[in-house]
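> kindly return the folded structure for what I paste below:
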Amino acid sequence: MVFWERYVSDESMGTFAPIVVYWIYGGFYQLLPPLDKYRLHTRKEEDEKNSVYLSTVIKGVLLQQLVQATVAQLLFMLTSQTSASGITVQPPFVVQVLQFIVAMLVMDTWQYFVHRYMHQNKFLYRHVHSQHHRLVVPYAIGALYNHPLEGLLLDTVGGALSFLVSGMTARTAVFFFCFAVIKTVDDHCGLWLPGNIFHLFFQNNTAYHDIHHQLQGSKFNYSQPFFSIWDKFLGTYKPYTLEKRPEGGYEARLKKD
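Model (predicted):
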């Protein structure tokens, strides 16, 4: 039994919990004090390099989440595994863990190839993907700031495929999509905080993705949100060094060949 079982369905939680988690976790980062000694970019750089207002970013994210919620409801409706008694039979824990891993790999694979193609196709980059790169200096609640078409193709379709291929139930999907959202927000937070568990367990992390957002690294480190497998396998992986700036904070720099 889970805490929401008496109040809402797994399908409703799978639809709306990731949205709530996004704003809570992203808002947490947004409301932190400046923390200049942990920033990957100075606040001056953020103001000068980013070409979109915070209000525009929020509207863009809300639009994408509206589409995601609509697709999620349709997906859960078509794949409902609830029995006649109204109870969803959950697979053993080991099976759920395997489904989690499969879903992570499927999401990474889909997002790598779609993301990379959006960089290589000049039309798609200019008219679609460049919207996300208006945030040259990423920040947490801008993680899902995308062109609506990219939001649909990259995130929404990628999430749907992860759910379908892994065969997970709606209840397992609640945890998977919330985890994916937290990881994505963390990758865009722009902070290298000590003890960040994602930095300990994932090579694809805040600094890794920050490299991709910079001009010199825009053709590398396409992988997201979990692993760096495809970058390494297909030659688009670029290691970095994390160096302290004299004025405080860190800077992720491409390692010289």
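> could you use CA atoms for every contact and neighbour count after this?
Fine.
> residues in contact with stretch 12-23: which ones?
For stretch 12-23, the external contacting residues (C-alpha atoms under 8 Å, 6 or more residues apart in numbering) are 65, 68-69, 72-73, 141, 170-171, 173-174, 177-178, 181-182, 185.
> tell me the one among the residues you listed nearest to Leu32.
Nearest to Leu32 among the contacts of stretch 12-23 is Ile141, at 12.6 Å by C-alpha to C-alpha.
> can you read off the pLDDT for the closest one?
pLDDT, Ile141: 96.
> repeat for Gln81
Per-residue pLDDT puts Gln81 at 62.
> spatially nearest residue to Tyr25 (excluding sequence neighbours)?
Using C-alpha to C-alpha, 6 or more residues apart in numbering and skipping the chain neighbours, the partner closest in space to Tyr25 is Ile182 (6.8 Å).
> name the element the residue nearest in space to the middle of the chain belongs to?
Geometric centre of the chain, nearest residue: Thr184, 2.5 Å, by C-alpha atoms, centre = their mean. Applying DSSP states H and E as the criterion places Thr184 in helix 170-187.
> check which element follows that helix along the chain.
helix 197-201.
> contacts for that following helix next, please.
Under the criterion C-alpha under 8 Å, 6+ apart, residues 183, 186, 205-206 lie in contact with helix 197-201.
> picking up where we left off before, name the SS class of the residue nearest to the residue nearest to the centre of the chain when sequence neighbours are not counted, please.
Once flanking residues are discounted, Thr184 sits nearest to Pro225: 5.8 Å by C-alpha to C-alpha, 6+ apart. What DSSP: H, G, I helix; E, B strand; the rest coil gives for Pro225 is coil.
> now swap in Gln90 and tell me
From three-state DSSP, the assignment for Gln90 is coil.
> and what of the one 4 residues further on?
In three-state terms, and counting by three-state DSSP, Val94 is helix.
> ok, it - contacts?
For Val94, the contact set (C-alpha under 8 Å, 6+ apart) is empty.
> now do it against Phe227, distance only.
Distance check for Val94 against Phe227: by C-alpha to C-alpha, to the nearest Å, it reads 21 Å.
> same check, this time on Phe179
Distance, Phe179 to Phe227, using C-alpha to C-alpha: 14 Å.
> those two: which is more packed in?
Phe227 (18 against 15; other C-alpha atoms under 10 Å).
> let me see the contact set for the closest residue to that one other than its chain neighbours.
Leaving aside its chain neighbours, Phe227 sits nearest to Asn204 (5.4 Å; criterion: C-alpha to C-alpha, 6+ apart). Neighbouring residues of Asn204 by C-alpha under 8 Å, 6+ apart: 187, 223-228.
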